[in-house]
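# fold the following and give me the result.
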Amino acid sequence: MTELGIGIGWRPEIAEAVEALPGVDWVEVVAENICADHLPDSLTRLRERGVTVVPHGVSLGLGGADRPDPARLAALGEKAVALGAPLVTEHIAFVRAGGPLTATPLLEAGHLLPVPRTRDALDVLCENVRIAQDALPVPLALENIAALISWPGEEMTEGQFLAELVERTGVRLLIDVANLHTNHVNRGEDPARALSELPVEAIAYVHVAGGVERDGVWHDTHAHPVPRAVLDVLADLTTRVSPPGVLLERDDDFPPEEELAQELETIRTTVGLRSAGAMGVPPDEVPGRVGTAHAHGARSLVPAPREASLLIGAGARVSGGPMPAAAPVVEEPVTEAPSARAGARQRLAVTQASLLSALVAGTPVPEGFDTRRVGVQSRALAAKRAGVVSKVAPELPEILGKGFRPAFLAYARSRPMTGGYRRDALDFVEHLLLTGRPEDPAARRQLTEWWQDRSGSRPPGRATRLLRAARHALVRR
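Numbers count the residues shown, from 1 in each chain. Okay, the predicted model is just below:
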């Protein structure tokens with residue numbers, strides 16, 4: 001795998017700007033937003049110029065209790081091949097819960113939720129990662145996520161969890177320094193400790209993004225400029241390893257092209273200056289240096305030598321050396337009986353379904369969780385649903401006007417998402433029509449026509465309405 005360099009997340013809204021930005025070595029695209037057989041023209045032009053394109057998945061849910069969906073894996077692999085990508089990336093997260101393992105309705109989070117750092121969760125994650133690695137045509141790297149809530153009874157720190165994941169599977173890491181900062185504010189976790197514990201040699205590339213703090217909670221919005229605290233975490237990371245690539249993420253409230261260019265230059269400077277310090281240039285002799293310590297108390301550290309038996313070799317380079325080929329993964333001996341592994345899945349399934357049901361269906365918060373933080377996360381999920389639905393179905397805010405958002409948030413409080421966002425939009429409109437809303441006859445007629453055009457059927461009859469009401473009642477139990 002070759003060096004990636006400095007990159008930016010490709011989004012349709014800034015496609016022209018990305019093509020025009022100077023010094024962009026590579027881009028990352030959300031895998032679920034493209035089709036393998038019909039790539040956006042902008043991505044095709046970038047590839048023709050020699051710009052590397054990496055697909056970044058958000059829906060596998062490798063940290064969930066279920067095994068990865070073969071169809072989702074196949075689709076991700078097809079996109080990697082179509083893009084000529086050197087690797088694909090996903091997240092250490094769960095995105096859905098329920099279903100056959102718990103004999104409860106399947107619930108979709110529409111968001112990346114944290115995995116408990118327990119032995120059960122790690123066993124399940126490692127098996128799911130191996131399944132994904134076997135199915136994908138290129139190497140896989142996994143990203144640490146940001147979280148508002150903490151699981152009770154965790155058995156490992158984030159760094160320890162990631163280190164053992166890499167040791168057991170050989171998977172590469174996508175380290176998001178903005179997420180490390182988020183977890184510092186929201187969960188009191190020290191980014192410097194996480195960086196000192198995780199295998200930095202396994203880093204495939206790094207994410208940098210902005211956010212905002214409200215009422216003591218950091219929201220990883222990807223819609224604000226990158227703050228100094230996040231750049232400081234990046235600077236600390238580059239004293240420990242020279243990452244093969246660093247990428248700026250921006251998903252909303254896109255600034256002018258000039259501001260994006262300036263943020264990329266700031267990232268480039270931060271990486272370059274700190275890398276110079278790591279190679280022996282005294283920090284005081286580097287003009288305009290970022291600084292030797294960041295807001296979280298990090299200090300310049302020489303990575304401690306690792307056990308020779310830890311076969312990482314996952315496509316990362318250390319201290320500016322050449323990128324090695326992926327090292328062979330030594331299969332760990334199976335020390336648990338199959339029933340014990342199945343038990344881990346079952347236990348994880350129950351805990352994840354309980355939490356997700358509290359977040360999206362209004363059921364009681366499971367014991368041990370911070371009730372206030374669960375409430376904050378629940379409201380954030382509902383707000384995200386409203387925002388995404390307004391984008392995939394822009395006609396709805398036009399028809400409902402200022403009433404769209406409050407109506408959708410009221411609907412989302414007790415009606416969890418069970419499919420994708422387009423299905424969510426249809427279910428929301430169906431709910432409004434069945435309850436006789438909106439009151440304005442013209443708006444109701446427009447909604448009815450919108451629903452009929454996209455659902456391919458007539459509005460549901462009485463029997464269907466009763467069945468759906470029973471289903472929603474079951475979800476709320």
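
# pretty sure Val388 contacts Glu108?
No. Between Val388 and Glu108 there is no contact under C-beta atoms under 8 Å: 11.8 Å. All C-beta atoms are positioned from the backbone trio N, CA, C, and that covers glycine.

# neighbour-wise, which of these two wins?
Set side by side, Val388 and Glu108 show more neighbours around Glu108, with 22 against 18, by other C-beta atoms under 10 Å.

# sketch out the low-pLDDT regions of the stretch 251-400 of the chain for me.
For the stretch 251-400 of the chain, the stretches flagged by pLDDT under 70 are 273-342.

# all helices of it, in order?
For the stretch 251-400 of the chain, helices defined by DSSP state H, counting those that start in this stretch occupy the ranges 257-278, 338-360, 371-392, 395-400.

# and Ala132, which of these is closest to it?
For these, proximity to Ala132 was assessed by C-beta to C-beta; helix 338-360 is nearest, at 15.8 Å.

# about what we covered before: among the helices of the stretch 251-400 of the chain, which is nearest Leu76?
Leu76 sits nearest to helix 371-392 of all the helices of the stretch 251-400 of the chain, at 20.3 Å, using C-beta to C-beta.

# now Gly98: how far from Leu434?
Distance from Gly98 to Leu434, counting by C-beta to C-beta, to the nearest Å: 24 Å.

# I misspoke; the intended subject was Leu348.
Remark: distance between Leu348 and Leu434 (C-beta to C-beta) = 36 Å.

# let me see the ranges of the strands in this structure.
Using DSSP state E, the strands found in the chain span residues 5-10, 26-30, 52-56, 88-91, 94-99, 104-113, 140-143, 172-176, 203-208, 212-214, 217-219, 245-248.

# next one: the fifth one to chain centre, how far?
What it means is strand 94-99. 15 Å (C-alpha atoms, centre = their mean, to the nearest Å).

# same check, this time on the second one
The gap between where strand 26-30 is centred and where its chain is centred comes out at 14 Å by C-alpha atoms, centre = their mean.

# and if you look at stretch 66-84?
Centroid displacement of stretch 66-84 relative to its chain, using C-alpha atoms, centre = their mean, is 16 Å.

# with stretch 33-42 instead?
Using C-alpha atoms, centre = their mean, the offset of stretch 33-42 from its chain centre is 21 Å.

# check stretch 133-143 too.
Stretch 133-143 sits 16 Å away from the centroid of its parent chain (C-alpha atoms, centre = their mean).

# buried ones in that stretch, by neighbour count?
Gln133, Leu136, Val138, Pro139, Leu140, Ala141, Leu142, Glu143 (16 or more other C-beta atoms under 10 Å).

# what about it, average pLDDT?
Stretch 133-143 carries an average pLDDT of 98.

# stretch 87-107 now?
Averaged across stretch 87-107, the pLDDT comes to 95.

# returning to what we had before: between Gly98 and Leu434, point out the one with more neighbours.
Gly98 (25 against 14).

# ok, the more buried one touching Ala109?
No. Counting by C-beta under 8 Å, Gly98 does not reach Ala109; the two are 10.7 Å apart.

# shared neighbours of these two, anything?
Residues touching both Gly98 and Ala109 by C-beta atoms under 8 Å, 6 or more residues apart in numbering: Leu356.

# just give me the neighbour total for Glu16.
Residues within reach of Glu16, counting by other C-beta under 10 Å, total 11.

# next: the one 3 residues further on.
Look at Glu19: counted by other C-beta under 10 Å, it has 16 neighbours.

# quick check: pLDDT value at it.
On the pLDDT scale, Glu19 is placed at 97.

# how close does it sit to Leu46?
The spacing between Glu19 and Leu46, counted by C-beta to C-beta, is 6 Å.

# work out the gap between stretch 5-14 and the centre of the chain.
For stretch 5-14, the distance to the chain centre is 16 Å (C-alpha atoms, centre = their mean).

# hmm, I typed the wrong one, I wanted stretch 241-255.
Remark: stretch 241-255 is offset 13 Å from the chain centroid, using C-alpha atoms, centre = their mean.

# next up, the contacts around the residue nearest to Ser455 when sequence neighbours are not counted.
Distance criterion C-beta to C-beta, 6 or more residues apart in numbering; nearest residue to Ser455, sequence neighbours excluded, is Leu426 at 5.7 Å. By C-beta under 8 Å, 6+ apart, the residues touching Leu426 are Trp451, Arg454, Ser455.

# nearest to Asn183 among these?
Using C-beta to C-beta, those come closest to Asn183 at Arg454, 39.3 Å.
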